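Sequence first, then the predicted structure:
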Protein chains: 2
Amino acid sequence: MQLTSHTDHAIRILIYLMINPERKISTREIAESYGISLNHLTKVAKSLVKAGWLLSARGGKGGLILAPHTPGTKVGDIVRHTENMCLVVCFSEKTNTCPIAAACELRSVIHRARQAFFDVLDTVTIADISRNPVELNLFLRSPARRSAINPTARAKPRGKQGKA
Amino acid sequence: MQLTSHTDHAIRILIYLMINPERKISTREIAESYGISLNHLTKVAKSLVKAGWLLSARGGKGGLILAPHTPGTKVGDIVRHTENMCLVVCFSEKTNTCPIAAACELRSVIHRARQAFFDVLDTVTIADISRNPVELNLFLRSPARRSAINPTARAKPRGKQGKA
């Protein structure tokens, strides 16, 4: 059971923009700062724009900024948007392949566990997880620190595609 | 975020043996009753034998039965055994690729959400989710019912491989 990289990258984009509120920021800058694929990060950023959490301006002075309501958005709402939360096949009648689903107690147990999971995520906002901007920016600005964590994970921006 | 089919099948095996306690049962019977791959189910059953939750007897009158302590086992303990619960990359220092992990608040939030998830699963045992054996067996014994749920999901046992 793991959150997808889509969710991971979505939250990282939001944190990056929270701790750098003074300017528009390109997806390239975010991708390079985190050492992740520009191509994938651009897809995630587009989905956040579409959902209304990011505002995007095109052109030379363009880039991404947070929508005004985004700092107060619950982490749970981001995860609900980015994840398929059908934890087991019987959660959806369309995909269910289990013959005992109608009589089985497991589904309700997993439902309650999922609710408990979100109850925690709903107590925390994007602003809450970004409340030490100086320290977070320090880690993001240090290529040596990034390389020490994972020398192979640096971004390899691909041409001009996906630029916000 | 989804539980793996390994976890799903592990719990289904335990339920099947809970509601059919009077005899040893082959993996083929369980696979055919649920309409899932014999090959995959056999792998899952082996992992449950290895973990001590199932006892396996080989030969013509062989098959699987529950270990004496298994009915009282928490669903949470099964899920901890079958799932990789590193929900995000920063949960493991070995796999972490995120440069801000040391300063980021997200990890502790997800940790707390995961704990809340298990707190629910730990209130329920394998016996609890199997407490209506008559109805559960009724669904398992009805091929028509299975076909109505998913006509393409019937098991296709593969030769002699993987028989318990």
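Cool, the structure landed.

and residue A:54, what are its phi and psi?
The phi/psi pair for residue A:54 (degrees, to the nearest 10) reads phi -120, psi 150.

On the pLDDT front, check the residue lying closest to it once chain neighbours are set aside for me.
Once flanking residues are discounted, residue A:54 sits nearest to residue A:48: 4.4 Å by Cβ to Cβ, 6 or more residues apart in numbering or on different chains. Where you see a C-beta, it was placed from the backbone N, CA and C, and this is true even at glycine. pLDDT recorded at residue A:48 is 97.

ok but residue A:48 is inside a helix, no?
Yes: membership of residue A:48 in a helix is supported by DSSP: H, G, I helix; E, B strand; the rest coil.

And the longest helix seen in chain A, what does it pack against?
Longest helix in chain A, counting residues (DSSP state H): helix A:106-121. Here helix A:106-121 touches helix A:75-82, helix B:106-121, going by 3 or more Cβ pairs under 8 Å, 6 or more residues apart in numbering or on different chains; DSSP states H and E.

again, only this time at 10 Å
For helix A:106-121, the contact count by 3 or more Cβ pairs under 10 Å, 6 or more residues apart in numbering or on different chains; DSSP states H and E identifies helix A:75-82, helix B:5-18, helix B:75-82, helix B:106-121 as packing neighbours.

next helix or strand past the last one?
The first helix or strand that comes after helix B:106-121 along the chain, using DSSP states H and E, is helix B:133-140.

Backbone torsions only: list them for the nearest residue to residue A:114 once chain neighbours are set aside.
Once flanking residues are discounted, residue A:114 sits nearest to residue A:87: 5.9 Å by Cβ to Cβ, 6+ apart. With angles defined as degrees, to the nearest 10, residue A:87 sits at phi -60, psi -30.

what's the answer for the one 10 residues further on, then?
For residue A:97, the backbone dihedrals (degrees, to the nearest 10) come out as phi -120, psi 10.

That one reaches residue B:9, doesn't it?
No: at 11.1 Å, residue A:97 does not count as touching residue B:9 under the criterion of Cβ atoms under 10 Å.

Looking only at neighbour counts, state which of these two leads.
Higher neighbour count among residue A:97 and residue B:9: residue B:9, with 24 against 18, using other Cβ atoms under 10 Å in any protein chain shown.

From residue B:52, how far off is the more buried one?
From residue B:9 across to residue B:52, the span is 18 Å (Cβ to Cβ, to the nearest Å).

next one: residue A:27
Residue A:27 sits at a distance of 50 Å from residue B:52 (criterion: Cβ to Cβ).

for residue A:61, same thing?
Computed as Cβ to Cβ, the residue A:61 to residue B:52 distance reads 64 Å.

Looking only at neighbour counts, state which of residue A:27 and residue B:52 leads.
Using other Cβ under 10 Å as the criterion, residue A:27 and residue B:52 rank with residue A:27 on top: 23 against 11.

The more buried one and chain B, how far apart?
Computed as Cβ to the nearest Cβ, to the nearest Å, the residue A:27 to chain B distance reads 17 Å.

pretty sure that residue contacts residue A:58?
No: Residue A:27 lies out of contact with residue A:58 (Cβ under 10 Å); the separation is 12.0 Å.

shared neighbours, residue A:97 and residue B:9?
The overlap between the contact sets of residue A:97 and residue B:9 (Cβ atoms under 10 Å, 6 or more residues apart in numbering or on different chains) consists of B:34, B:36.
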